[in-house]
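> My questions concern the predicted model and sequence given below.
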Amino acid sequence: MDDEINGDSVTPGSDPNEQVSSDPSQVGSDPSQVGSDPSQLSPEPSSPDIGPPTQTSVARFLYNQNPFYLISCLLVIYGCQNLAISSGNLLDKSITMVGGIAAYTILMAVVCIAVVRLAKVWDDARSIFIVVVISLIAVTTGFDELCIGNRSMATAMASFAAAFVLTVTETVLWACRIRLGFWYRATYYAHFAILLGFPLALGRAVATRNDPLANWGSVLFSMAVAAGALLLIPALRRGPDSVKGNGTPWSWPLYPISAFVVMLVLAGIRSHAIWMSFGFYGTAGKFEPFLLLPLLAAVLILIVETGLGRGNQVLQRFSLVATPVLLLCAITGNGATWLPIGGDLRTYFGSSLTVALGFVFSVYLWMTIRGVQYAAFGLPATLLTTGFSATLPSTGAAYGLQSWMFPAAACVILLLMTFRMKNSDWLWAAVAGVATTTIAMAGDAYGRPNDGLIAASVFAVLAMLAIGIVFRTDLAVFLRYAAAGVIMFGTMAIVFRVLQSPGSMLLYAIAAIGVVALFYGMLIRRRGWLIIAALQISLFILITSYQGHRTGKLRRINWPIASGLMCLCVGVAITTGKTGVYHGIAKRIAQRNLDGKPSGFRSGL
């Protein structure tokens with residue numbers, strides 16, 4: 001670690017406790033001083049024997065980071081838990097747990113004030129602040145069983161804990177002359193209000209046999225903590241300005257975000273403890289990642305808001321890419337959960353995977369509203385995933401909810417996006433693909449899968465043809481060729497089906513395809529489509545003649561009348577040629593070739 005710690009310069013061989021004050025007013029106006037920043041001043045060495053160890057990297061790490069305060073805190077909390085277990089009744093256990101940790105918290109608060117005001121070792125003080133916060137959180141966990149067995153005493157103990165948290169926090173901030181912004185304070189106290197309020201509410205639910213509330217308690221706790229964490233948004237958007245003039249040499253985001261990171265991590269652990277304390281059923285011995293889902297979603301929103309406030313594209317892109325990681329919170333038991341809410345989950349939400357996809361959609365929606373680039377593409381992607389893989393709730397199915405409706409909604413979103421973008425041929429292709437999938441899924445949902453596939457294929461071909469007309473890009477050309485391939489394959493399938501069932505009306509589909517290909521070729525001026533049209537019409541005439549021969553219909557035709565009409569057509573064609581129409585057309589084509597102008601029809605598709 002560098003010798004400069006948090007703005008207080010410490011030279012090797014000097015006493016690290018003899019830091020220069022961070023108050024600029026104490027620097028003086030001597031022009032010989034290097035600037036007015038106290039971080040540029042180094043105290044005179046006082047004892048060369050007490051500098052930071054240089055023998056090993058481990059010793060240097062322990063000296064610079066000083067993790068022993070945190071180790072002390074964890075050991076004391078563990079010891080208080082063991083002591084409480086060996087106590088008598090519930091009240092004694094709670095008093096032992098809360099009282100022991102409260103006493104240790106007061107001790108650490110005094111040490112923190114002394115380190116700041118007397119020793120001025122701000123680097124160690126930051127660790128001690130975190131330890132005080134952890135100890136205060138531990139105080140709120142000491143009376144879970146009392147909330148069920150003795151609610152009046154639990155309420156009194158929760159009131160004591162609330163007053164204790166407020167007193168210790170404000171005393172330390174005041175004594176150390178540290179200023180904390182409004183939104184940081186609001187988030188901090190909202191978090192502790194949730195920590196204290198939920199055990200009381202869930203204890204009452206257990207005592208009164210309100211099973212649904214007790215079983216959902218850990219999930220509701222996680223959601224409440226996540227909602228409280230979102231109060232940080234105004235402060236995070238301001239960035240370093242939110243801690244300007246805070247009275248410490250600490251810089252943002254380490255101050256004060258590190259404390260809130262610790263609080264959220266402990267909240268994830270606490271949610272599991274609440275499940276074990278107040279949930280009736282389930283496998284409480286296994287950790288449930290589903291409880292982390294709201295917390296991680298809130299963290300992603302906070303990261304993206306920080307990126308928006310500071311104009312940091314890296315943070316925005318990180319949140320955008322990391323959002324699908326929320327789906328890992330639903331990996332337990334193929335979308336099931338260890339929590340005692342399996343039945344309610346299937347009835348009202350479908351599965352934990354469905355809920356996780358809902359959170360992913362919500363985060364992407366938030367990013368889209370906030371103007372994060374490319375976030376809108378996450379919305380249709382999430383809806384498609386939901387339609388393909390998520391289990392739908394039974395209540396939704398009772399009201400007609402079907403899986404194909406999610407791709408349909410994705411199609412609508414993509415359609416809205418295409419109208420706002422230029423050169424959106426690929427996006428139109430995506431809309432067509434999603435719509436095709438939706439049509440096929442809808443046919444399958446209503447028990448007509450073959451009809452759904454046929455309708456989807458027809459729509460896909462028409463969409464490719466439409467994109468090929470509107471755009472002049474490589475993708476448009478590719479889609480025209482793809483449409484031609486699908487048409488020829490479909491024609492062969494129709495011919496095979498018609499030969500198997502002579503009376504099928506599918507024969508007229510070949511004629512319709514030929515007419516469409518003819519008009520399409522004339523519209524885009526491509527000879528390839530005229531050839532396709534000729535092939536379709538020729539197949540139609542050939543198969544019609546063959547079926548007429550097999551069924552005997554050709555023998556029933558009045559051939560003299562038919563031959564007479566054909567001769568009439570030939571005569572009209574000859575007469576038209578004598579008028580010079582054909583010669584004029586040939587002359588215009590030859591003149592266009594002499595002038596170097598392209599011919600009316602081009603080769604290819």
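Yes, it's here. Predicted model only: the values in this text are computed from it and were never measured.
> which helices and strands sit right next to the strand or helix carrying Tyr189?
Tyr189 is part of helix 182-207, with elements assigned from DSSP states H and E. Identification of packing neighbours for helix 182-207 by 3 or more CB pairs under 8 Å, 6 or more residues apart in numbering; DSSP states H and E yields helix 122-139, helix 144-149, helix 151-175, helix 211-215, helix 217-229, helix 233-238, helix 254-278. In short, each C-beta sits where N, CA and C put it, glycine included.
> What are the phi and psi values at Gly526?
Careful, residue 526 is Arg; it's not Gly. Taking degrees, to the nearest 10, you get phi -120, psi 130 for the backbone angles of Arg526.
> what's the neighbour count on Leu118?
For Leu118, the count of nearby residues is 9 (other CB atoms under 10 Å).
> Equivalent analysis for Leu254, please.
When neighbours are defined as other CB under 10 Å, Leu254 has 13 of them.
> for the stretch 401-550 of the chain, what spans make up the helices?
Using DSSP state H, counting those that start in this stretch, the helices found in the stretch 401-550 of the chain span residues 405-418, 425-445, 449-470, 474-500, 507-524, 527-551.
> helices or strands up against the second one?
Secondary-structure packing of helix 425-445 (3+ CB pairs under 8 Å, 6+ apart): helix 378-389, helix 405-418, helix 449-470, helix 474-500.
> between that helix and helix 405-418, what angle do the directions make?
Counting by axes from the mean of the first three to the mean of the last three CA atoms, to 10 degrees, helix 425-445 points 160 degrees away from the direction of helix 405-418.
> Of all the residues in helix 425-445, which ones are buried?
Buried residues in helix 425-445, counted by 16 or more other CB atoms under 10 Å: 425, 427-444.
> do the same with the longest one
If you call a residue buried by 16+ other CB under 10 Å, then helix 474-500 has these buried ones: Ala476, Leu479, Arg480, Ala482, Ala483, Ala484, Ile487, Gly490, Thr491, Ile494, Val495, Val498.
> Verify the stated contact: the last one with Ile543.
So the one you mean is Val498. Yes. Counting by CB atoms under 8 Å, Val498 touches Ile543, with 6.1 Å between them.
> which residues are in contact with both of those two?
Common neighbours of Val498 and Ile543 (criterion: CB atoms under 8 Å, 6 or more residues apart in numbering): Leu507.
> on that earlier part again, buried sites along the helix holding Tyr189?
For helix 182-207, burial by neighbour count (16+ other CB under 10 Å) applies to 183-185, 187-192, 194-196, 198-206.
> In a markdown table, list the helices and strands packed on helix 425-445 along with mean pLDDT and distance to Trp252.
Shown next, in a markdown table, are the helices and strands packed on helix 425-445 (pLDDT from 0 to 100; distance: least, CB to CB, whole Å):
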| stretch | mean pLDDT | distance to Trp252 |
| --- | --- | --- |
| helix 378-389 | 91 | 29 |
| helix 405-418 | 88 | 36 |
| helix 449-470 | 86 | 50 |
| helix 474-500 | 81 | 47 |
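> Would you reformat the ones you listed as TSV and include distance to Leu328?
Output for the helices and strands packed on helix 425-445, formatted as TSV (distance: least, CB to CB, whole Å):
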stretch	distance to Leu328
helix 378-389	14
helix 405-418	21
helix 449-470	33
helix 474-500	34
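> between these, which gets nearest to Asp124?
Across those, the minimum distance to Asp124, taken as CB to CB, is reached by helix 378-389, at 43.5 Å.
> Who are the contact partners of the closest residue to Ser72 other than its chain neighbours?
The spatially closest residue to Ser72, leaving aside those adjacent along the chain, is Val131, at 7.5 Å (CB to CB, 6 or more residues apart in numbering). Residues near Val131 by CB under 8 Å, 6+ apart: Tyr69, Leu70, Ser72, Cys73, Met108.
> Report the two of these separated the most.
Most distant of the contacts of Val131, by CB to CB, are Leu70 and Met108, 10.7 Å apart.
> Those two - which one has more neighbours?
Neighbours were counted for Leu70 and for Met108 using other CB under 10 Å; Met108 has more, 24 against 16.
> Show me the contact partners of stretch 143-150.
Against stretch 143-150 from outside (CB under 8 Å, 6+ apart): 90-91, 93-94, 97-98, 153-154, 157-158, 161, 199-200, 202-204, 206-207, 273-274, 277-278.
> got the buried residues for it?
Of all the residues in stretch 143-150, those buried under the rule 16+ other CB under 10 Å are Phe143, Asp144, Glu145, Leu146, Cys147, Ile148, Gly149, Asn150.
> Show the pLDDT at Val431.
At Val431, the pLDDT value in this model is 87.
> Please report the distance of it from Pro380.
For Val431, the distance to Pro380 equals 9 Å [CB to CB, to the nearest Å].
> Same check on Glu145?
According to CB to CB, Glu145 stands 49 Å off from Pro380.
> same thing with Val304?
19 Å.
> For Leu416, give its distance to Ala193.
Distance check for Leu416 against Ala193: by CB to CB, it reads 41 Å.
> now do Ile574
Ile574 is 97 Å from Ala193, by CB to CB.
> worst-scoring helix or strand of this protein, pLDDT-wise?
Lowest on mean pLDDT, DSSP states H and E among the helices and strands of the chain sits strand 4-5, with a mean of 38.
> Thank you, goodbye.
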